[in-house]
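> have a look at this prediction, sequence included:
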Amino acid sequence: MDLIMAAVERGLAVLCEKPADLDLERARACQRAVAGAAQPIMIGFNRRFDPSFAAVRRRVGSGEIGRLKQLAITSRDPAPAPEPYIRTSGAIFRDITIRDFDMARFFLPNIVQVTAHGSNLFSDYIRDAGDYDSTVVVLAGAGGEQVAITNSRRQRSRGEQ
């Protein structure tokens, strides 16, 4: 937040990696403070601008492919991040799932319920850091729509049990 404010005060464009702050009120205060700034300010939720995601969103929004009833989002790290990174990453929900929350709201802006579950299925050092290596989140929209987000700190390797 302090770096965002300093950049804006100097007239610099801002691209901030997610999340801007872990405190919602501080993030909202920053948003109010930079509203109307002349330079571009963006949080690093770049998937909205990926041509394939944007095209699907346009098709959903136009009704071309029908009403959105269920959406499945899956994100996996290629392999678990190193232990020092895990200790400072903010945990899997802030590190990985936050991008998926943004995609869910990109497709379904009116989320009214969130349920989340985390497990430790393969990494002792992730568990020891107080984090999860695998998660499932279910979101419900105001119209009963469902979003299922699954995340893992690794992809399964060929031949792995």
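Yep, it's here.

> where do the strands sit along the chain?
Per DSSP state E, the chain carries strands over the ranges 14-16, 41-43, 70-76, 111-119, 134-141, 146-152.

> ok, of those, where does mean pLDDT dip lowest?
Averaging pLDDT over each of the strands of the chain singles out strand 41-43 as the lowest, with a mean of 87.

> now that one: buried residues?
Ile41, Ile43 (16 or more other CB atoms under 10 Å). C-beta: built from backbone N, CA, C; applies to glycine.

> give me the residues contacting it.
Contacts with strand 41-43, where a contact means CB atoms under 8 Å, 6 or more residues apart in numbering, come from Ile4, Val8, Ala13, Val14, Leu15, Cys16, Glu17, Lys18, Pro19, Ala20, Val34.

> now, of those, which are buried?
In the contacts of strand 41-43, the ones that pass as buried (16+ other CB under 10 Å) are Ile4, Val8, Val14, Cys16, Pro19, Ala20, Val34.

> list the contacts of the last one.
Put plainly, it is Val34. Val34 makes contacts with Ile4, Met5, Val8, Val14, Ile41, as judged by CB under 8 Å, 6+ apart.

> show me how this protein divides into domains.
Listed domain ranges for the chain are 2-43, 67-152 (source: automatic domain parsing).

> related to what we said a few turns ago, want to throw the strands of the chain into CSV with distance to Phe101?
Below are the strands of the chain laid out as CSV (distance: least, CB to CB, whole Å):
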stretch, distance to Phe101
strand 14-16, 16
strand 41-43, 12
strand 70-76, 9
strand 111-119, 8
strand 134-141, 8
strand 146-152, 7
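
> ok, back up a step: out of the contacts of strand 41-43, which sit inside helices?
When helices are assigned by DSSP state H, the members of these inside them are Ile4, Val8, Val34.

> and the pLDDT at Arg156?
Per the predicted model, pLDDT is 75 at Arg156.

> next one: it from Ala79, what distance?
Distance, Arg156 to Ala79, using CB to CB, to the nearest Å: 11 Å.
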